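J.: here is a sequence together with a model predicted from it:
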Amino acid sequence: MSSIEFATSLIFSIVGLLAITFISKSIEINKRRKREEAQLLGHNLEFIDEIISSLPTSLLDNALSTFLKQRRQNYLSRMSQTGIDTPAGTLLTNDSAKLPQDPRKLLDLNRTLKSLGKYLVRCEQLGTLSKATRVIYQQSLDKSASRVKVQQHWQQASKALKEGNPEYALHNYGMCLQQLSRHKRTVVDQQMMDKIQQKINAIKGDNTAEAETDTQQNATATTSEAQAAPVSPSKAEATAEPETEEAENVQDWGEDWKKKTVYD
């Protein structure tokens with residue numbers, strides 16, 4: 001084999017090794033990219049599942065609920081395209097149509113709604129959600145958050161009434177009305193506001209009745225004390241002094257009268 005042939009074969013061997021190395025490296029990079037993409041999609045899918053399973057069915061409106069389900073299906077489809085077997089898990093839905101009574105669960109709902117708001121902003125930044133649609137969804141989300149806050153204040157007001165603190169109850173009922181007034185009211189919202197106003201009127205009526213009763217009791221007590229109050233020592237002395245002086249004067253005048261009789 002001539003030197004030229006040897007050099008040529010050596011060059012081809014080196015090029016082949018470099019090509020094999022480049023292809024292997026590209027395949028490894030592509031696999032790593034797909035694993036990272038599948039991992040990111042899995043995190044997003046878990047987040048959507050947590051949102052759907054945590055919130056009562058009646059808390060979000062239909063448009064926002066449909067959007068979340070569409071995003072979940074999109075994540076599943078993209079995960080299948082990566083070719084990586086990633087367990088999706090079963091979607092657990094919250095079948096409850098009412099807000100929870102536990103104050104801790106209400107706090108969890110507030111945090112979940114805030115997280116959902118941040119997720120909507122991120123979708124807008126990534127271009128998967130238009131700004132106009134995001135604003136509409138955010139308005140709906142804000143109203144859902146107000147409903148949770150109304151439930152919190154309602155529970156605090158009920159607790160305050162049980163503990164005999166009507167002032168704090170009135171404060172919380174007022175906060176309920178404030179939250180309900182922040183958004184366009186539905187028939188259910190108006191019924192809730194009427195119910196809260198009845199509670200406020202009842203508390204104020206009870207306070208007025210108690211105040212009138214206290215005033216009457218104080219007036220009766222003052223009258224009784226005035227009638228039964230003994231004369232103070234100073235007043236008794238002031239009343240008795242004229243009688244004493246008059247008695248002394250009479251006694252003195254009597255002695256003088258006796259002396260005058262003797263002399264006469």
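T.: Looks like it came in fine.
J.: how many other residues sit next to the residue lying closest to L113 once chain neighbours are set aside?
T.: Setting aside the residues directly before and after it, L113 is nearest to A145 in space (Cβ to Cβ, 6 or more residues apart in numbering), at 4.9 Å. For the C-beta atoms, the positions are set from N, CA and C on the backbone; glycine is no exception. By other Cβ atoms under 10 Å, the residues close to A145 number 20.
J.: so T21: helix, strand or coil?
T.: Following DSSP: H, G, I helix; E, B strand; the rest coil, we place T21 in the helix state.
J.: so who does it touch?
T.: Contact analysis of T21 by Cβ atoms under 8 Å, 6 or more residues apart in numbering lists nothing.
J.: now do L99
T.: P56, L59, L106, L109, R147, V148, Q151.
J.: for the residue lying closest to K131 once chain neighbours are set aside, grab the count of nearby residues.
T.: For K131, ignoring the flanking residues on the chain, the nearest one in space by Cβ to Cβ, 6+ apart is E124 at 5.8 Å. By other Cβ under 10 Å, the residues close to E124 number 18.
J.: low-confidence bits of the chain, can you list those?
T.: Applying pLDDT under 70 to the chain flags the ranges 1-2, 5-7, 85-92, 95, 207-264.
J.: still on that earlier bit, from Q70, how far out is the residue nearest to K131?
T.: Plainly put, E124 is 15 Å away from Q70 if you go by Cβ to Cβ, to the nearest Å.
J.: same deal with L45?
T.: Computed as Cβ to Cβ, the L45 to Q70 distance reads 13 Å.
J.: over to E167?
T.: For E167, the distance to Q70 equals 48 Å [Cβ to Cβ].
J.: isn't M175 up against Q151?
T.: No: here M175 does not reach Q151: they are 11.4 Å apart, not a contact under Cβ atoms under 8 Å.
J.: just after the strand or helix carrying R32, pick out the following helix or strand.
T.: Here R32 sits within helix 3-54, counting by DSSP states H and E. Downstream of helix 3-54, the next assigned helix or strand under DSSP H and E is helix 62-81.
J.: who's more crowded, L45 and Q70?
T.: L45 (22 against 11).
J.: now the helices for the stretch 101-250 of the chain?
T.: Assigned by DSSP state H, counting those that start in this stretch, the helices in the stretch 101-250 of the chain fall at 103-126, 131-162, 166-181, 187-228, 233-263.
J.: helices or strands next to the second one in the packing?
T.: It refers to helix 131-162. With contacts taken as 3 or more Cβ pairs under 8 Å, 6 or more residues apart in numbering; DSSP states H and E, helix 131-162 sits against helix 62-81, helix 103-126, helix 166-181, helix 187-228.
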